[in-house]
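Novice: sequence and predicted model, in that order:
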Amino acid sequence: MLCHEMIEDGTSSDEDEQLCPPGYESGCILEYYKLCNDARKKKLVDCRQMIKVYVEINPHEIKTIDDQKEEFQVLMMMKLWWKDPHLKNLRCTLRMDSGEDITGTIVKFSQDGNIVMKCKDGRTRTFKKSEYVSKHIQEPDWDKQFFPSFTFINIQGECNDLFKPIYEVVWSDQDGTFVSWRRKIDGTFAERLELHYFPLDRQLCRIKITAEKPIEDFQFVMLKKDHKHHFSRACDTFKVDQEMQKLCGSYVRYCDFELPFPSQRSMVNVIFHLDRQGDYYFNNMLLMVFLVNLMGLCAFAIPLHDASGRLSLVSSCFLAVLAYRYIINEILPRKAYLTAADKYITFACMFLIVICLQTVVFVIWRRGIEEVKEGQLSLASLWTRSTLDFYDYVLGVLMFIVWVAINGYLWCLWKLSRRQDWGSVYLENEEPYAPIQECQACGLQWLSKQCLHMETSKCPDPSCGSSEVQRKYLTPKQHPDPLVPEQYLPESPHV
Ligand SMILES: [Zn+2]
């Protein structure tokens with residue numbers, strides 16, 4: 001019963017078998033235990049009567065990503081298919097070649113257009129597609145029929161429908177009617193941005209969809225396609241990581257076989273793997289900060305006896321760097337930690353302070369040498385004013401080299417686009433694509449409960465039982481097969 005599809009395929013390794021959610025068959029969980037933590041209330045829930053809802057989500061474009069508000073706007077097409085067992089005997093009118101209209105109720109209707117109809121005269125007749133000119137199926141009142149109602153958990157405000165949702169009768173047989181539904185959605189969704197690496201950060205922008213009925217009523221299944229939808233249009237400031245996006249653009253979160261709560265709902269996550277195009281920040285801000293500091297280094301060209309000239313140059317550079325810091329802070333949301341850009345600017349400020357302190361120390365020192373000379377207490381000294389000026393000059397050259405070298409190194413990092421790996425992005429976002437736990441004592445890995453993937457439990461191996469357990473969030477690169485296998489649409493009946 002455990003994910004035998006994957007095993008039959010011969011594509012799974014031993015590890016995959018361990019990491020299969022239990023209770024699944026053909027992409028749906030057939031039964032589960034609710035309230036599993038309470039031995040008296042624990043109960044098996046049978047989900048075999050549920051309706052399987054096939055989902056396809058085709059994003060067209062990410063219009064904007066607002067860093068400050070931490071939200072993004074997406075235009076996408078959402079398609080659902082399901083078989084409604086209560087939708088039968090639809091009325092249909094066929095216009096024949098002769099111009100005659102034949103009306104009746106549909107008994108069977110295939111996707112290629114062949115119809116078995118119970119006509120008004122009580123006879124059951126079969127019509128091939130070539131036998132009639134057009135057909136008109138009288139649509140039921142869709143509001144009164146089954147609909148897999150769902151909500152976007154992280155939507156901001158209302159989502160704009162670009163056109164009314166479209167229903168379509170795909171095929172029909174004695175067990176019900178297969179219906180498709182599609183809707184174009186333009187919505188804004190909230191997503192917490194992780195900005196440790198800003199402006200070389202990677203973002204996981206997600207749309208979270210949850211069913212409004214328990215899994216006994218219906219379950220989402222991702223539609224399997226032979227040709228994957230290609231999505232590339234992100235806004236100017238971000239680029240889609242094609243390699244990751246091809247591996248996984250949307251998936252169904254698996255349901256738990258042993259659930260500590262009274263009920264669970266089917267959930268779908270849409271994910272976008274985005275790399276920030278940091279050039280704007282590099283060219284407009286960080287480069288300027290670099291140049292301002294270079295200007296600060298010019299203080300070494302001012303002779304030491306003109307202390308006020310030196311200090312005023314350094315302090316005006318300091319203020320200029322601070323101004324850039326405020327500009328960046330206005331773009332980004334407030335975070336408790338420092339972003340990489342913040343760290344760079346703080347480093348630039350510290351560098352200027354070092355120049356300032358060096359000046360102050362040398363000026364005081366120089367004054368000391370003067371006083372000693374005036375008091376005729378000659379220390380046969382190494383430290384004359386001219387040698388001090390020389391050391392000041394050497395220090396200036398050294399600091400220039402250090403500043404240029406460090407920035408050269410950072411520039412190389414940027415040009416090589418050395419970004420953080422997706423594994424750590426998934427961990428930071430606690431992205432439940434494939435959440436696992438790993439025992440640090442024996443190395444055993446097991447699948448987390450989807451409902452509690454942020455908590456760790458003890459090692460399930462009775463001989464180990466260690467509580468040193470680490471959470472991990474596998475990426476589609478580490479686990480390419482989605483945990484809930486995708487499914488093809490069921491075939492239409494033959495007529
Ligand atoms: Zn263990």
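Specialist: Yep, that arrived. Here the structure is a predicted model, which means the values were calculated and not measured.
Novice: which residue does the stretch 151-300 of the chain bring closest to the ion?
Specialist: Of all residues in the stretch 151-300 of the chain, the one sitting closest to the ion is E258 (19.2 Å; CB to the ion). For the C-beta atoms, the positions are set from N, CA and C on the backbone; glycine is no exception.
Novice: give the burial count for that residue, as a bare number.
Specialist: By the measure other CB atoms under 10 Å, the count of residues near E258 is 14.
Novice: for P214, same thing?
Specialist: Neighbour number of P214 under other CB under 10 Å is 18.
Novice: need the contact list for it.
Specialist: Shown in contact with P214 (CB atoms under 8 Å, 6 or more residues apart in numbering): 263-265.
Novice: and these, which of them are in strands?
Specialist: Per DSSP state E, strands hold the following members of these: R265.
Novice: if we can go back for a sec, now the residue of the stretch 151-300 of the chain closest to the ion, nearest residue through space, not along the chain?
Specialist: In space, and not counting its chain neighbours, E258 is closest to C36: 4.1 Å by CB to CB, 6 or more residues apart in numbering.
Novice: surely the one you found is within a helix?
Specialist: No - C36 is assigned coil when assessed by DSSP: H, G, I helix; E, B strand; the rest coil, not a helix.
Novice: how much space between it and the ion?
Specialist: 21 Å (CB to the ion, to the nearest Å).
Novice: that residue: neighbouring residues, count only.
Specialist: Neighbour tally, C36, other CB under 10 Å: 17.
Novice: what are the boundaries of the helices in the stretch 301-450 of the chain?
Specialist: Under the criterion DSSP state H, counting those that start in this stretch, the stretch 301-450 of the chain carries helices at the ranges 307-331, 340-374, 385-415, 422-429.
Novice: burial count for the closest residue to K228 other than its chain neighbours?
Specialist: Leaving aside its sequence neighbours, K228 sits nearest to K246 (CB to CB, 6+ apart; 6.3 Å). K246 has 15 neighbours, counted by other CB under 10 Å.
Novice: what helix or strand does K246 sit in?
Specialist: Assigned by DSSP states H and E, K246 falls within helix 242-247.
Novice: mind checking the pLDDT average for that helix?
Specialist: For helix 242-247, mean pLDDT is 89.
Novice: now do it: which elements does it pack against?
Specialist: Judged by 3 or more CB pairs under 8 Å, 6 or more residues apart in numbering; DSSP states H and E, helix 242-247 is in contact with strand 265-276.
Novice: give the rounded mean pLDDT of the strand it packs on.
Specialist: Here the average pLDDT along strand 265-276 is 93.
Novice: what does stretch 223-238 give?
Specialist: 82.
Novice: only the buried residues of it, if you could.
Specialist: 223, 231, 234-235, 237-238 (16 or more other CB atoms under 10 Å).
Novice: how about the residues you listed, which pair is most distant?
Specialist: L223 and T237 (31.1 Å; CB to CB).
Novice: quick one: P21 and V252 touch, right?
Specialist: No - checked against CB atoms under 8 Å, the pair P21 and V252 is beyond contact range at 10.4 Å.
Novice: overlap in contacts, these two.
Specialist: Common neighbours of P21 and V252 (CB under 8 Å, 6+ apart) are V484.
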